[in-house]
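*Asks:* Give me a model of this one.
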Amino acid sequence: MTHVAEIVTFTLTDGTSPEEYVKLSQASEAFVRSAPGFVHRQLSQGEDGRWTDYVIWTDLKAAQDAAAQLPQQECAAGMMAAINPESIQMRHENVLWKMTA
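*Replies:* Below is the predicted model:
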């Protein structure tokens, strides 16, 4: 089975600390975890300040459905207010190989 990676990169708005954003992101856990097709998620921040929210879904439709439903979730407003909207880049890729520990 081929999974789909949803890769979203962005920067935070001025004044939002990494700790604040992690908490805001954690508030979305119940929604993401319960979304049909969810497999795995991780959030990282590079030394350049860019963030990557990396979510694995069973298929593209599951990723697109969750993305369409996210704005209606209670957690979404805080997360979106903390992200610089001009910095957002989202893409979907087919996972061709996976290695685990």
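*Asks:* Can you name the helix or strand that the residue nearest to V39 when sequence neighbours are not counted falls in?
*Replies:* Spatial nearest neighbour of V39, excluding adjacent residues (C-beta to C-beta, 6 or more residues apart in numbering): I56 at 4.1 Å. In this view, the C-beta of every residue, glycine as well, is placed from N, C-alpha and C. According to DSSP states H and E, I56 maps onto strand 51-57.
*Asks:* repeat for T2
*Replies:* Going by DSSP H and E, T2 is not in any helix or strand.
*Asks:* Dig out what the residue positioned nearest the centre of the chain forms beta bridges with.
*Replies:* With distances taken as C-alpha atoms, centre = their mean, D53 lies nearest the centre of the chain, 3.8 Å away. Going by DSSP bridges, D53 is paired in beta bridges with V8, L43.
*Asks:* quick one on the thing from earlier: what lies in contact with the very next helix or strand once past the strand holding I56?
*Replies:* Next helix or strand after strand 51-57 toward the C-terminus (DSSP H and E): helix 60-69. For helix 60-69, the surrounding residues in contact (C-beta atoms under 8 Å, 6 or more residues apart in numbering) are V4, E6, F31, V32, A35, P36, G37, F38, V55, W57, M90, H92.
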